[in-house]
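> Turn this into a model:
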Amino acid sequence: MPEFQPFVPANQHPREFTLRAVLLGSLFGLIFGAVTVYVGLRAGLTVAASIPIAVISISFLRSEGKVSVLECIIVQTAGNAGQSIAAGVIFTLPALIFLGFDLEYSRIFMLALIGGYLGVLFMVPLRRPLIVEEHGKLKFPEGTACADVLMAGAKGGSFASRVFFGLGLGAIYTFFQNENLFGAWPGTPEYQPDFGPQHVLKGASIKADATPEYLGVGYIIGARTAGTMFAGGVFSWLVLMPLIYFFGKDLPHPVYPGTVPIAQMGPSDLWITYIRPMGAGAVAAAGLITLFKTLPTIIGALRSGFAQIRHRSAAVAAPIRTERDFSMSTAIFGSIALIILMFFFLWLKPVPGAQVGLFANLAASILVVAFGFLFVTVSSRIVGLIGSSANPISGMTIATLMATSAIFLVSGWTAPAFGALAITIGGVVCIASAEAGDTSQDLKTGFIIGATPRNQRFAFLIGIAVSTVAIGYTLQAMNQNLQVFRAAPQPWDINASHPGVAIQRDTKGLVDQFPVIAPDGSKSIHHKSEYIVLNAIGSSELANGKYLYSPAAGRIEVRWIPGIGSERAAAPQAQLMATVINGILSRKLPWGLVMIGVFLVIAIELLGIRSLSLAVGAYLSIGTTLAIFTGGVMRALIDWSARRSGGTENPDSDVSPGSLYASGLIAAGGIVGLIGVALQGYENHFDRPNPIAWPQTFLHNPWVSVVAFGLLAYSLYYFARKPLKK
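Residues are numbered from 1 along each chain as shown. This next block holds a predicted model:
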């Protein structure tokens, strides 16, 4: 077999690691890192950013003069680092909130940095055996598609206009739709059925978060996956919830884990109290089943990877440009330094209220090395076989958490502090695995184009460092600015014993003054000094969460709902991670509901249907899954139309006109949505109304929202059918 020749030969030395490439890549890292956090916390999944970054970068650099395709590689590599780091972060670290701890910016930044850098360094010995020696066997689909985009752009092809159309129309739509901005029409049209004297389907809800990012996500993941997710939403919101209401409406007392009678609950209350524990059990079971299904691939990846590293030639020769990479000593000593840094960080700056001993922190650092290198190796090979979108990162993280929690349980480390330590281990491993998977794809792009691997490594490290800044601030902004305080008065003897309820001494996360929403929707301003914060985890008296106790009134008066974990930012994977840890360490879970979710997944698998998408859909709000399903329907119409017309363009391609336009919609929804989050923070902090909100006119009607979303969906259909300019 002849030796592979890259697009840019090794004996040529065009511009590559330039200042403008690094700055532009860092900018994309900031933007797509923040957008991934925003979309991922809301939708429960992420989409690849490498292709839109490549498309935009080559067009931008071309407008600045003569463009080098290797410069575009550096831009794409640095920018894509932010997306993969953000995915690993949002899948794990918000679990600290669900475990009852605060999510500090410094912790997000440091753990994301350590995990990302470990993913890059652990990947050093794997590049040659996986990227070079397995060329033609491991396809690396996203990396190959990105290389095709860059080569076409270097030859004069242009795809960027389609991304910018999606970005522009999506941004205009979001400004009018987002309730934190203009809010010209309802952002989430909803219908709650309640038919006849028997109240048929009461407890159900049909609604859609009519956002461009959900529409774009649905198009990219395809009709089958989007439909399966929506089926999970239909089962939860139109079958289980009416069923719970039907059987529970006449009960005068609450049903655990609820704290009020079912008859007094609305659809959102039923979802939070009963559906989410079922959904968590379903997602956990589906993740483990997915992991077990990929065990042959995982075992093969480990055998092949270690065998090829062991049998590599010992001959030392001056490498050609396209083989210049970090040395093995750099990878080893860099990894050791990072593990030492993590140990001292855990020791000197523990999670507030979760201090553990020196030996536990040392054990955590060792477990990060063991699980980290294992799953980095697995992730790097799996993405070569099936792509990044199908990489079972959540399953690997669940396996890490289950093994870690089991070790802690056997050691007698079952206090809540060890739950925080377990999620720290799982978070770093998840981030490293996610980064390694995307690193492999980007190195494959560089191999096909003819980039210098060492320069790509430096771009990774810079992109990771820069993007973690935006990721941390975005997480904190969404958690604080989307939080809600609801009046929830109930008697409470603070001096009595309440298992599962503790006083939270550290209240830095609570702002000095905040609006409290009464049952009639009116708001009143309350002050932090009036309350004591209670944190409930696994209590039989209070649902999991935070509550504000008033010493003056001698009762609980307010329920404090953080932004992350609310219906607007459900964070399903992080909720799942917290459920796994709680289930093993504290053994305080509504196991009946969790096991219903587990056996639902088993039944789905017996039908021959992939259960993970359905499980995620069952956990998420139907408002999310219905909007995503709309994008999937558009994809199905495009596929049908393409088959009927016999067109030459493949709608399944990552560089099809529809996927590029959908990428623009996702970016627009994320960027403008973050502007809305910032404006919401301004309103909460200064207690002022939205300065740009439109007055409620005839437009503020659910049907206007439906029509507007339908027009946006049609624009996706139109631009997906319009051929790209070659």
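> my guess is Gly617 meets Ala231, correct?
Yes - if you go by CB atoms under 8 Å, Gly617 and Ala231 touch, sitting 6.5 Å apart. Bear in mind the C-beta positions are built from the backbone N, C-alpha and C, glycine included.
> Compare those two (neighbour count), which wins?
Between Gly617 and Ala231, Gly617 has the larger neighbour count (other CB atoms under 10 Å), namely 32 against 18.
> Disregarding residues adjacent in the polypeptide, which is nearest to that one?
Leaving aside its chain neighbours, Gly617 sits nearest to Gly232 (2.7 Å; criterion: CB to CB, 6 or more residues apart in numbering).
> Is the one you found located within a helix, as I assumed?
Yes - secondary structure of Gly232 (DSSP: H, G, I helix; E, B strand; the rest coil): part of a helix.
> what's around it, how many residues?
Around Gly232 there are 26 residues (other CB under 10 Å).
> So which residues of the stretch 151-300 of the chain form strands?
For the stretch 151-300 of the chain, the strands defined by DSSP state E, counting those that start in this stretch occupy 190-191, 206-207.
> err, the stretch 501-650 of the chain, not the other one
Remark: strands assigned in the stretch 501-650 of the chain by DSSP E, counting those that start in this stretch are 501-503, 513-517, 523-527, 532-536, 545-550, 555-561.
> Just put the ones you listed in JSON lines and tack on mean pLDDT.
Output for the strands of the stretch 501-650 of the chain, formatted as JSON lines (pLDDT from 0 to 100):
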{"stretch": "strand 501-503", "mean pLDDT": "83"}
{"stretch": "strand 513-517", "mean pLDDT": "87"}
{"stretch": "strand 523-527", "mean pLDDT": "88"}
{"stretch": "strand 532-536", "mean pLDDT": "86"}
{"stretch": "strand 545-550", "mean pLDDT": "89"}
{"stretch": "strand 555-561", "mean pLDDT": "91"}
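> For these, give me TSV that also has mean neighbour count.
Below are the strands of the stretch 501-650 of the chain laid out as TSV (neighbours: other CB atoms under 10 Å):
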stretch	mean neighbour count
strand 501-503	16
strand 513-517	17
strand 523-527	12
strand 532-536	20
strand 545-550	20
strand 555-561	20
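> For Ile532, give its distance to Ala502.
As for Ile532, its distance to Ala502 is 11 Å (criterion: CB to CB, to the nearest Å).
> Okay, now the unreliable bits of the stretch 301-450 of the chain?
Applying pLDDT under 70 to the stretch 301-450 of the chain flags residues 301-318, 385-392, 395.
> related to what we said a few turns ago, how about the strands of the stretch 151-300 of the chain, which one is nearest Lys66?
In terms of CB to CB, the element of the strands of the stretch 151-300 of the chain nearest to Lys66 is strand 206-207, at 51.3 Å.
> residues in contact with the closest one?
For strand 206-207, contacts defined as CB atoms under 8 Å, 6 or more residues apart in numbering pick out Thr188, Pro189, Glu190, Tyr191, Gln192, Pro193, Trp237, Leu238, Ser621, Ile622, Gly623, Leu626.
> Quick check: closest non-adjacent residue to the fifth one.
The reference is to Gln192. Nearest one to Gln192, counting by CB to CB, 6+ apart, is Ser205 at 5.1 Å.
> Can you give me the distance of Leu401 to Ile423?
Per CB to CB, Leu401 is found 7 Å from Ile423.
> Find residues that contact each of those two.
Taking CB under 8 Å, 6+ apart as the criterion, Leu401 and Ile423 both touch Met577, Ile581.
> so Asp82 sits right up against Leu30, yeah?
Small correction: residue 82 is Gly, not Asp. Yes - look at Gly82 against Leu30 with CB under 8 Å: they come within range, at 6.7 Å.
> that older thread, as TSV, the strands of the stretch 501-650 of the chain with distance to Gly372 would be great.
Shown next, in TSV, are those (distance: least, CB to CB, whole Å):
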stretch	distance to Gly372
strand 501-503	32
strand 513-517	40
strand 523-527	44
strand 532-536	31
strand 545-550	32
strand 555-561	34
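> What is the longest helix of this protein by residue count?
Ranked by residue count under DSSP state H, the longest helix found in the chain is helix 416-449.
> Which element is encountered next along the chain beyond it?
Beyond helix 416-449 in the direction of the C-terminus, DSSP states H and E gives the next helix or strand as helix 453-481.
> I'd like the average pLDDT over that following helix.
The average pLDDT within helix 453-481 is 92.
> all helices of the stretch 601-726 of the chain, in order?
611-619, 622-645, 657-686, 702-721 (DSSP state H, counting those that start in this stretch).
> Please work out which of these is packed deepest.
Burial of the helices of the stretch 601-726 of the chain is given as mean neighbour count (mean count of other CB atoms under 10 Å); helix 611-619 ranks first at a mean of 28.
> counting contacts, what elements does it pack onto?
When contacts are defined as 3 or more CB pairs under 8 Å, 6 or more residues apart in numbering; DSSP states H and E, helix 611-619 packs onto helix 223-234, helix 276-293, helix 572-585, helix 591-606.
> would you list those in a markdown table and tack on mean pLDDT and distance to Pro551?
Output for those, formatted as a markdown table (pLDDT from 0 to 100; distance: least, CB to CB, whole Å):
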| stretch | mean pLDDT | distance to Pro551 |
| --- | --- | --- |
| helix 223-234 | 90 | 42 |
| helix 276-293 | 78 | 32 |
| helix 572-585 | 81 | 29 |
| helix 591-606 | 89 | 34 |
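> Now those helices in TSV, please, with extra columns for distance to Ala86.
Listed next are the helices and strands packed on helix 611-619 as TSV, based on distance: least, CB to CB, whole Å:
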stretch	distance to Ala86
helix 223-234	21
helix 276-293	20
helix 572-585	12
helix 591-606	27
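> tally of neighbours for Leu348?
For Leu348, the count of nearby residues is 8 (other CB under 10 Å).
> Phe485: which element?
Phe485 belongs to strand 484-491, assigned by DSSP H and E.
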